[in-house]
Every structure is written in structure tokens, then in C-alpha cells.
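Asks: would you be able to build a 3D model of this:
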Amino acid sequence: HRISVYSNVADIIKLLDELLIENSAKNDEHEGEELTLREQDVLKLVALGYPNKIIAEKLFISIHTVISHRKNITEKLGIKSISGLTVYAILNHFIDTSEINPEDLF
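Replies: Below you'll find the predicted structure:
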């Protein structure tokens, strides 16, 4: 499965839906590396495209705490890119593709 910079939003969402179906049949590869509830909150907002400052405001925490949570998330999951975290969040049902506004992606 590949997503190109030339892929349109509908194709990307379709591919993510297919991956979600495939993933639901597999065991969680990161079992035992569970995210805390707050890390899940941060992951959701990161995956939806919010910057650290806005995440801090939405969760009523400091920007330093957001950065600390993001560091813990990337260490636990082994995923460093925002796009990778977004795919992880979708595949693991932290966010739903219906929550993604295609206009916010550009």
C-alpha cells in the first residue's frame, strides 16, 4: 500500500479504510506498550493536525507536558512522523476517518 503526494483525499481515505479492515484481523503489534489516557488524548489531537500549543490549550496542560507526552508516544510506538502517528491512530481506532476534514490536510 502506498500513498503518493499526488493521491487525492478520497483515495487516501479509501486506502486507510482498507488498512483498518486488514489491521482489525491482526493482533496488536504493540501489546504491552499501551498509551496512557493522556497520551491517547495527545495522539488524537496530533493525528488531527493540531500543533503543540493548541493541544496544550485544549487539554489545559503546558506545552512542555505536550512535548513530553509526544516523546513518550513516539518511544512506545516507534513512530516518529506525524503521518505515521495519524495512520496508527486511525488503524487503532483512536480517531475515525470521518473526524478528518480533507480541507485541513492542505
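
Asks: low-confidence regions, the chain specifically.
Replies: Residue ranges of the chain with pLDDT under 70: 1, 23-33, 102, 104-106.

Asks: tell me where it has strands.
Replies: Under the criterion DSSP state E, the chain carries no strands.

Asks: quick check, central residue of it?
Replies: Central residue of the chain (Cα atoms, centre = their mean): residue 86, 2.7 Å from the mean position.

Asks: correct me, but it touches residue 44?
Replies: No: under the criterion of Cβ atoms under 8 Å, residue 86 is not in contact with residue 44, lying 10.0 Å apart. Yep, even glycine has a C-beta here, placed from its N, CA and C like the rest.

Asks: joint contacts of these two?
Replies: The contact sets of residue 86 and residue 44 overlap at residue 95 (Cβ atoms under 8 Å, 6 or more residues apart in numbering).
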